[in-house]
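no FASTA, just this:
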């Protein structure tokens, strides 16, 4: 009888969890791929751009100087031997949102050069965002490798439950992208290197696929920022807002943080 009671005791949490089906509620603590406990959802105040911005990948230019930095430092899965330093910033104006990433890295490679190719296998930075405040689980995933090649889908319901829309080349080209490294990085750069990705996303392009809560003071979007490099010699999966999942998976919008437009 004691043995049966013990089996029920250790099995109950798994049965309540639903096996591999992740509960949308955040646990009180977790140590999966992280060294801290009791993670809290993060928020970021998105400033309005005050002067024209040239998209050139320059992290240090005047318009970005006083903008709050996003720290992307929560690891999913196995922590790699080398830990990149990954930062991002974001701004908006009446017609666009702007994002810049800076990565202090090693083991950098970038091979994919076709739109919507497997860029996440390369050294890659990613911005997943839900631009409709009323549909926080419907999102775009914009993934850009170190060479500046993008992938972007619109996912109306949590992936992979329903089909997703792949944006066409003509639509993707509306996103202005700058990158500091060559379009192809091969062989892999193993010594320390800093690389940047900067881009402008037109709201009009997003509106072809989703309702867009236009950025203005008080408007909220849900989002997460990521860094990966699954097929480099230093595989890494890093997030801004904590994602509680035993295996690396960025397509979990229930773990998005909050963007608050100012």
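Right, received. Where do you want to start? Please read all numbers here as calculations on a predicted model, not as lab measurements.

stretch 102-111: end-to-end distance?
19 Å (C-alpha to C-alpha, to the nearest Å).

pLDDT score assigned to the spatially closest residue to residue 234 that is not a sequence neighbour?
Leaving aside its chain neighbours, residue 234 sits nearest to residue 107 (3.7 Å; criterion: C-beta to C-beta, 6 or more residues apart in numbering). Any C-beta I mention is one placed from the backbone N, CA and C, and that applies to glycine too. pLDDT recorded at residue 107 is 98.

thought residue 107 was touching residue 232?
Yes - taking C-beta atoms under 8 Å as the definition, residue 107 is a contact partner of residue 232 at 5.0 Å.

please identify the buried residues of the helix or strand encompassing residue 109?
For residue 109, the element it lies in under DSSP states H and E is strand 108-110. Residues 108, 109, 110 are the ones in strand 108-110 that count as buried (16 or more other C-beta atoms under 10 Å).

for the residue nearest the centre of the chain, helix, strand, or coil?
Computing the C-alpha centroid of the chain and ranking residues by C-alpha atoms, centre = their mean puts residue 225 first, at 2.8 Å. Assigned with DSSP: H, G, I helix; E, B strand; the rest coil, residue 225 falls in the strand class.

same check, this time on the one 5 residues further on
In terms of secondary structure, residue 230 is coil; the call rests on three-state DSSP.

list the contacts for it?
Counting by C-beta atoms under 8 Å, 6 or more residues apart in numbering, residue 230 touches 120, 121, 237, 248.

about what we covered before: so for residue 107 and residue 232, which residues contact both of them?
Counting by C-beta under 8 Å, 6+ apart, the shared contacts of residue 107 and residue 232 are 123, 188.

neighbour-wise, which of those two wins?
The neighbour comparison of residue 107 against residue 232 (other C-beta atoms under 10 Å) goes to residue 232, with 24 against 20.

tell me which residues touch that one, please.
Counting by C-beta under 8 Å, 6+ apart, residue 232 touches 107, 108, 109, 122, 123, 188.

which residue packs closest to the third one, ignoring adjacent ones?
Once flanking residues are discounted, residue 109 sits nearest to residue 188: 4.1 Å by C-beta to C-beta, 6+ apart.

low-confidence bits of the stretch 151-262 of the chain, can you list those?
159-162 (pLDDT under 70).

now the strands: where do they sit in it?
According to DSSP state E, counting those that start in this stretch, the stretch 151-262 of the chain carries its strands in the segments 165-166, 176-179, 185-189, 193-202, 220-228, 237-239, 257-261.

can you check which of those gets nearest to residue 49?
Closest to residue 49 of the strands of the stretch 151-262 of the chain is strand 193-202 (C-beta to C-beta; 9.9 Å).

next, the buried residues of the closest one.
193, 195, 196, 197, 198, 199, 200, 201.

want to throw those residues into TSV with distance to residue 62?
Below are the buried residues of strand 193-202 laid out as TSV (distance: C-beta to C-beta, whole Å):
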residue	distance to residue 62
193	25
195	21
196	16
197	19
198	14
199	18
200	17
201	21
